[in-house]
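J.: Predicted coordinates and the sequence they were generated for:
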Amino acid sequence: MLLKTTIAGFMTALMALCVPVVYADTGDVKSPGGGEASHQDGDWHHGQKDNKMAEILNLTEDQQKQLKEAHQKQKEAKKTVFEQIKANRTAFDTEITKAAVDMAKINDIQAQLKTIQAQMVDNHLNSILEIKKIMTPEQFAGYMALEKQEDMKKHEGHDGHKNWGDKKDEADEK
């Protein structure tokens, strides 16, 4: 019984660690103009909408080039991290399906996932700092405002409500 409780606790912790990864990879991105942006395009400001951001923030050609290079570096870093996550998930799946679970291996995989999650946070911070170096203070303030706006849109439900709890029952409105 203790083993089942330990495994259940570990699975809960593992799912909590993976939530940011799963959420970040939804592919459900809308551009500020209201159109759909495909998952391959990434966020609206990284894909085909670079020109729109450049126009809104009044970016120079040199800044646009630097931002494109910074985005490419970030994309490569993300790819590496997601490959590590995939390898750890495979190792976890292999270990957890064994008749005799090796808790030392499970704990090692959990520690590796925590390290990867911390690496993701570091990569995100470094990306923001790189962008800040490229932009003027005013441009960066505008960029952060656009990021906040886009983040809010990502967290809204498909029907435009912030979450299910905010949706009023039609009978209540009558």
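T.: On my side now, so go ahead.
J.: I'd like to know how far the residue nearest to A70 when sequence neighbours are not counted sits from E138.
T.: In space, A70 comes closest to E130 once its chain neighbours are excluded; the distance is 4.7 Å by Cβ to Cβ, 6 or more residues apart in numbering. Any C-beta I mention is one placed from the backbone N, CA and C, and that applies to glycine too. Separation of E130 from E138 (Cβ to Cβ, to the nearest Å) stands at 18 Å.
J.: and if you look at T90?
T.: Here the distance between T90 and E138 works out to 46 Å (Cβ to Cβ).
J.: Flag every buried residue along the helix or strand hosting Q139.
T.: Here Q139, judged by DSSP states H and E, is contained in helix 137-155. Along helix 137-155, the positions that meet the burial threshold by neighbour count (16 or more other Cβ atoms under 10 Å) are 139-140, 142-143, 146, 150.
J.: Go ahead and report the secondary structure state at M53.
T.: helix (DSSP: H, G, I helix; E, B strand; the rest coil).
J.: Measure how buried it is and give me the count.
T.: Counted by other Cβ atoms under 10 Å, the residues lying close to M53 total 20.
J.: before we move on, the earlier item: am I right that the residue nearest to A70 is in a helix?
T.: Yes - under three-state DSSP, E130 falls within a helix.
J.: Let me know the closest of the buried residues of helix 137-155 to K79.
T.: Comparing the buried residues of helix 137-155 against K79 with Cβ to Cβ places E150 closest, at 21.7 Å.
J.: List the contacts of the residue nearest to L67 when sequence neighbours are not counted.
T.: Ranked by Cβ to Cβ, 6+ apart and with sequence neighbours excluded, the top spatial neighbour of L67 is I134, at 5.8 Å. Residues touching I134, when contacts are defined by Cβ atoms under 8 Å, 6 or more residues apart in numbering, comprise 63, 66-67, 70.
J.: Shouldn't I106 be within a helix?
T.: Yes - checked against three-state DSSP, I106 lies within a helix.
J.: Verify the stated contact: it with E95.
T.: Yes - judged on Cβ atoms under 8 Å, I106 makes contact with E95 at a distance of 5.9 Å.
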